[in-house]
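Enquirer: Predicted model and sequence follow; I will ask about them next.
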Number of protein chains: 2
Amino acid sequence: MTDTTSTRTPLSSTARSTPTRYRERFATDRAALYEVLDEGLICHLGVLLHGSPVVLPTAYGRIGDTLYLHGSTGAGNLRAACTGDVSVTVTLVDHIVYARAAMHFSMNYRSAVIHGRPVEITDHEQRLAALRAVVEHSAPGAWDTVRPPDKKELAATAVLALDLIEASVKTRRGDPADDPADLGSDSWAGLLPVRRGFDSAVPSADLAPAREVPGHIRARATDVTSPSDSERAVEP
Amino acid sequence: MTDTTSTRTPLSSTARSTPTRYRERFATDRAALYEVLDEGLICHLGVLLHGSPVVLPTAYGRIGDTLYLHGSTGAGNLRAACTGDVSVTVTLVDHIVYARAAMHFSMNYRSAVIHGRPVEITDHEQRLAALRAVVEHSAPGAWDTVRPPDKKELAATAVLALDLIEASVKTRRGDPADDPADLGSDSWAGLLPVRRGFDSAVPSADLAPAREVPGHIRARATDVTSPSDSERAVEP
């Protein structure tokens, strides 16, 4: 994952980046950031807890340039997330990269890393919109078909907003980057695509037997196509 | 992901845990930890960099009770990983959990979180064994079929070892945990299995056309079965 063919794409408009150099790439970079965030299922949230980093898997949702997280008001990691900078990372692994030399083995992947300090949302309408975004992120089309949050549930839930200001997208694509001297080797070289997608939905044991799986869920149980050949070109 | 039905399984033998209480579960817990680590493709490594947590996707390998990471000697996150505690997290998402109420939507998942301070490995044989473990983790059977690392490659590579002493496994399984009052609802409820596995391998553009995909790679392009029904029982 630390392959030298990776490209780093800064999106930041802060001192940690070099915006003038990358200004012309901003639109493309935003699209790449949204693509990774929208295709990922979970993020890994890194917070500082008692002086050490703690990384936990977390659901999320996105509205425009804001990422939303939620959790129990009692969760220590959420409290820690509001008192200092966090790192939120979403990673999609596309291929295992088989090379002719051990040190050129790699993975093709796309990852988004966001830095910033989340803010707890207190406005009722904004909280509802954020919770809707989180639910719809992993279950598109579901929110309008289920019971909305009640007062008690809302009181027990913390909703955090993280601006997508300081973010970067890192990508590795294409074939293994073998040394010219290894090209005549007997070893096989190429890509093993990582499968993504969903299998058929399984009804809950306490659901009435005759209930059909709704269309918005049934439609998800299809293959997500692997990156196309045009995306396989070796990067410089 | 912050579902209240989750179970936390401490494995630690440090002051951060309660080993006497969980001593009888140690063997089971170790098996659960190995299962998550061995099934995952990548980990998310959290380090402290300039006072803030930074979370990056990273390849890894395991030998017994040691996790190995590797990277370029120039990588800032690896340098930071050796100067303080890190958090290494591996997450497998098994199902999207569709509930009858928005706040009961969840995911079934298994995650391993390891804390500790990695040590850089300097012994030549141990470094080779660790690099082999990392390559074999994502490409089992490949190491013996490719060119081993040479002196120059080894000099440019840092290999870190992290003891699996302070670790925990967190799991959510089974059906949605809907409120009794919602069971009569019209909403569908159940699990959408997340697909895992690999598609057929794609040869590198510079590979001789007649080369067959080796058996150790071809064998991976099959469905990994979803968790069986016996694993779907709702946890208390």
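Expert: Nice, I can see it.

Enquirer: What spatial separation is found between the residue of chain A positioned farthest from its centre and residue B:142?
Expert: For chain A, the C-alpha lying farthest from the average C-alpha position belongs to residue A:184; by C-alpha atoms, centre = their mean, that distance is 38.3 Å. Residue A:184 sits 18 Å away from residue B:142, going by C-beta to C-beta, to the nearest Å. From N, CA and C alone the C-beta is placed, and that goes for glycine too.

Enquirer: Now residue A:97: which helix or strand?
Expert: When secondary structure is defined by DSSP states H and E, residue A:97 falls within strand A:86-98.

Enquirer: if I pick the residue nearest the centre of chain A, what's in contact with it?
Expert: The centroid of chain A falls nearest to residue A:90 when counting by C-alpha atoms, centre = their mean (3.0 Å). Shown here is residue A:90, whose contacts under the criterion C-beta atoms under 8 Å, 6 or more residues apart in numbering or on different chains are A:36, A:37, A:40, A:42, A:43, A:44, A:60, A:111, A:112.

Enquirer: now those residues in TSV, with distance to residue B:200, pLDDT and neighbour count?
Expert: Output for those, formatted as TSV (distance: C-beta to C-beta, whole Å; pLDDT from 0 to 100; neighbours: other C-beta atoms under 10 Å in any protein chain shown):
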residue	distance to residue B:200	pLDDT	neighbour count
A:36	25	97	22
A:37	29	98	21
A:40	24	97	20
A:42	27	98	20
A:43	30	98	27
A:44	30	98	28
A:60	32	98	25
A:111	25	95	24
A:112	28	96	27
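
Enquirer: if we can go back for a sec, quick check: chain neighbours aside, which residue is closest to the residue nearest to the centre of chain A?
Expert: Closest residue to residue A:90 in three dimensions, ignoring its sequence neighbours and counting by C-beta to C-beta, 6 or more residues apart in numbering or on different chains: residue A:40, at 3.8 Å.

Enquirer: immediately after the strand holding residue A:97, which helix or strand?
Expert: Remark: after strand A:86-98, the chain's next helix or strand is strand A:106-116, criterion DSSP H and E.

Enquirer: at contact distance from chain B, anything in that following strand?
Expert: Yes - Strand A:106-116 comes into contact with chain B (C-beta under 8 Å from any C-beta of the partner chain), by way of A:107, A:109, A:111, A:113, A:115.

Enquirer: which one among those gets closest to chain B?
Expert: residue A:111 (5.1 Å; C-beta to the nearest C-beta).

Enquirer: Now for the residue nearest to the closest one when sequence neighbours are not counted, how many residues are close by?
Expert: Of all residues beyond its chain neighbours, the one nearest residue A:111 is residue A:91 (4.2 Å), with distances taken as C-beta to C-beta, 6+ apart. Taking other C-beta atoms under 10 Å in any protein chain shown as the neighbour definition, residue A:91 ends up with a count of 25.

Enquirer: How about residue A:209: what's its closest non-neighbour residue?
Expert: Counting by C-beta to C-beta, 6+ apart, residue A:203 is the residue found nearest to residue A:209 once chain neighbours are left out, at 8.0 Å.

Enquirer: just checking, that neighbour touches residue B:190?
Expert: Yes - Residue A:203 is within contact range of residue B:190, at 4.2 Å (criterion: C-beta atoms under 8 Å).

Enquirer: thinking residue A:148 is in contact with residue A:124, fair?
Expert: No - between residue A:148 and residue A:124 no contact is recorded; they are 11.9 Å apart, counting by C-beta under 8 Å.

Enquirer: Which neighbours do these two have in common?
Expert: With the criterion set as C-beta under 8 Å, 6+ apart, the contacts of residue A:148 and residue A:124 do not overlap.

Enquirer: quick one: which of these two has more around it?
Expert: Counted by other C-beta under 10 Å, residue A:148 and residue A:124 do not tie: residue A:148 has more neighbours, with 15 against 9.
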